[in-house]
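Trainee: just need the structure, nothing else, for what follows:
(chains A and B)
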There are 2 protein chains.
Amino acid sequence: MTRLPVHNMAVSLDGFATGEGRTLEAPFGHAGGRLMEWFFPTRTFVTTSGHESEARGAGTTGVDDAFAAASWQGIGAEIMGRGKFGPQTGPWEDETWRGWWGEEPPFHTPVAVLTHQERADLAVGETTFLFRDLQPVDALALATQVAGGQDVRLGGGPSVVREFLQADLVDVLRVVAVPILLGRGVRLWDGLEGLEERFDVEATASPSGVVHYVMTRKPRD
Amino acid sequence: MTRLPVHNMAVSLDGFATGEGRTLEAPFGHAGGRLMEWFFPTRTFVTTSGHESEARGAGTTGVDDAFAAASWQGIGAEIMGRGKFGPQTGPWEDETWRGWWGEEPPFHTPVAVLTHQERADLAVGETTFLFRDLQPVDALALATQVAGGQDVRLGGGPSVVREFLQADLVDVLRVVAVPILLGRGVRLWDGLEGLEERFDVEATASPSGVVHYVMTRKPRD
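Mentor: Okay, here's the model as predicted:
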């Protein structure tokens, strides 16, 4: 059965999953790369980011890498918000934008991009982006249909994750708490009072300083 | 040299250190006892809460108890906000209120209660409450003076801790992250962007489900 996991959603200690002032040059706003510093040294990142040849055998293989690697296992499709696909808002004025990831994005699956603005499907390397104006439950139905029996990754950003949590569609929520205080940006946890009643929660502290939370949906009646 | 530690300030995953709607019956508002459930089973709590005779030998002695016990070691005075002392606000209309703790409060030291409203010093058991209208730096000076060379515990609530952090007076900040989402109440982390630059941070996950953060002030130049 297809599940809907969220993998490695990084949040600051004060709950922000992205910073303020997002632009083409600063996709995470004033947060910069600080929410992902635990990730960059991992073997998973090093070997999937195009630096493989210069870093063969490199990369950490501890708990951070275990969580990083799990993000790519058994995934047949992704759902993401438009903000993760690119910095534009409003009508698609610049269709030359093909995502942040170059000509071979790391997904290698269909990716549903949630947007109110129509745009034709877009194949980039082995990834196909499907731009759709859908509610969470319908987006999940579409992604499940194209996932070939595998899981659907809910890829963020934070507002999209929050909507799917509010609709009670998320099966596994993996959050990485990063010990920094961003002070401003987009909060992950707003409007989710009592969420823990529906989830079992496990926390693992990493030597890198982050804490990996795994929230697993309790069996539905 | 006297240091100013904050011990075991519990916050929800969404950053609230106390709930909404605080009253005499519900000192933590709608949070109830949920922020302190990690603490109640510890040996430290069991043996200092007046239940010793019925629970001799009882209480957990793991990492939660280690942090609980540390809260009482080497402390010569406490600073607290008025909200921690009692539920009243405005002028002291009811001076029969002598705190939440009965006739032998657990402090056994002078306790500076920060309030704009004048009130005479109050001895209860071995504890003396000093009601003072002071800025953080002056409150620390007073508490240091009466602490007999020992440390001064900054006892909360969250707004008071925040003020002392903003004034850069806190030497050690021990926060307990509790995996619940309160959704509303008083946030600990507001207005503290970049705090981590001044502190070394360490995180320890407890089998109880909470995470103990210890933030230690870096050496001041």
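Trainee: where are the low-confidence patches of chain A?
Mentor: For chain A, the stretches flagged by pLDDT under 70 are A:49-57.
Trainee: top helix in it by residue count?
Mentor: For chain A, the longest helix by residue count, based on DSSP state H, is helix A:136-146.
Trainee: which elements pack onto whichever helix or strand comes after that one?
Mentor: Downstream of helix A:136-146, the next assigned helix or strand under DSSP states H and E is strand A:151-154. The contact analysis (3 or more Cβ pairs under 8 Å, 6 or more residues apart in numbering or on different chains; DSSP states H and E) places strand A:151-154 against strand A:5-12, strand A:75-81, helix A:136-146, helix A:158-166. C-beta here means a position set from N, CA and C on the backbone, and glycine is covered the same way.
Trainee: quick one: the strands in chain A?
Mentor: Along chain A, the stretches classed as strands by DSSP state E are A:5-12, A:16-18, A:75-81, A:110-114, A:122-124, A:127-132, A:151-154, A:172-178, A:186-187, A:199-205, A:211-217.
Trainee: name every strand pairing with the first one and say which way it goes.
Mentor: Based on DSSP bridges, the pairing partners of strand A:5-12 within the sheet are strand A:172-178 (parallel).
Trainee: rewinding a little: format the helices and strands packed on strand A:151-154 as a markdown table; extra columns: mean neighbour count.
Mentor: Formatted as a markdown table, the helices and strands packed on strand A:151-154 follow (neighbours: other Cβ atoms under 10 Å in any protein chain shown):
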| stretch | mean neighbour count |
| --- | --- |
| strand A:5-12 | 23 |
| strand A:75-81 | 22 |
| helix A:136-146 | 18 |
| helix A:158-166 | 19 |
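Trainee: adding distance to B:Pro207, write the ones you listed out as TSV.
Mentor: Output for those, formatted as TSV (distance: least, Cβ to Cβ, whole Å):
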stretch	distance to B:Pro207
strand A:5-12	23
strand A:75-81	31
helix A:136-146	34
helix A:158-166	26
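Trainee: ignoring the adjacent residues along the chain, who's closest to A:Phe131?
Mentor: In space, and not counting its chain neighbours, A:Phe131 is closest to A:Arg119: 4.1 Å by Cβ to Cβ, 6 or more residues apart in numbering or on different chains.
Trainee: can you get me a residue count around the one you found?
Mentor: Each residue near A:Arg119 was counted by other Cβ atoms under 10 Å in any protein chain shown, and the total is 16.
Trainee: now A:Glu193
Mentor: Look at A:Glu193: counted by other Cβ under 10 Å, it has 18 neighbours.
Trainee: show the contacting residues for the closest residue to it other than its chain neighbours.
Mentor: Once flanking residues are discounted, A:Glu193 sits nearest to B:Gly183: 2.7 Å by Cβ to Cβ, 6+ apart. By Cβ atoms under 8 Å, 6 or more residues apart in numbering or on different chains, the contact set of B:Gly183 is A:Gly191, A:Leu192, A:Glu193, A:Gly194, B:Asp14, B:Phe16.
Trainee: same check, this time on A:Ala31
Mentor: With contact set as Cβ under 8 Å, 6+ apart, A:Ala31 has these partners: A:Ser12, A:Phe16, A:Thr18, A:Gly19, A:Leu182, A:Gly185.
Trainee: kindly recompute the last result at 6 Å.
Mentor: Contact criterion Cβ atoms under 6 Å, 6 or more residues apart in numbering or on different chains gives A:Gly19, A:Leu182 as the residues in contact with A:Ala31.
Trainee: A:Val178 now?
Mentor: Contact analysis of A:Val178 by Cβ under 6 Å, 6+ apart lists A:Ala10, A:Ser12, A:Leu35, A:Val210.
Trainee: do that again at 7 Å, thanks
Mentor: A:Val178 makes contacts with A:Ala10, A:Val11, A:Ser12, A:Arg34, A:Leu35, A:Trp38, A:Val210, as judged by Cβ atoms under 7 Å, 6 or more residues apart in numbering or on different chains.
Trainee: count the neighbours of the fourth one for me.
Mentor: What that stands for is A:Arg34. Each residue near A:Arg34 was counted by other Cβ under 10 Å, and the total is 16.
Trainee: touching, A:Arg3 and A:Asp151? I think so.
Mentor: Yes. Look at A:Arg3 against A:Asp151 with Cβ atoms under 7 Å: they come within range, at 4.9 Å.
Trainee: how about the nearest residue to the residue nearest to the spatial centre of chain A, chain neighbours excluded?
Mentor: For chain A, A:Gly155 is the residue whose C-alpha lies nearest the centre (Cα atoms, centre = their mean; 2.8 Å). Of all residues not flanking A:Gly155 in the chain, A:Met80 sits nearest, at 4.0 Å (Cβ to Cβ, 6+ apart).
Trainee: wait, doesn't that neighbour sit right on A:Val113?
Mentor: Yes. Between A:Met80 and A:Val113 there is a contact under Cβ under 7 Å: 5.8 Å.
Trainee: what's next to stretch A:120-131, contact-wise?
Mentor: Under Cβ under 7 Å, 6+ apart, the answer for stretch A:120-131 is A:85, A:98-99, A:103-105, A:107-113, A:115, A:118-119.
Trainee: quick one: contacts for the residue nearest to A:Gly155?
Mentor: By Cβ under 7 Å, 6+ apart, the contact set of A:Met80 is A:Val111, A:Val113, A:Gly155, A:Gly156, A:Val160.
Trainee: so which bits of chain A are right by chain B?
Mentor: A:13-15, A:179-184, A:189, A:192-196, A:201, A:203-205, A:209, A:211, A:213 (Cβ under 7 Å from any Cβ of the partner chain).
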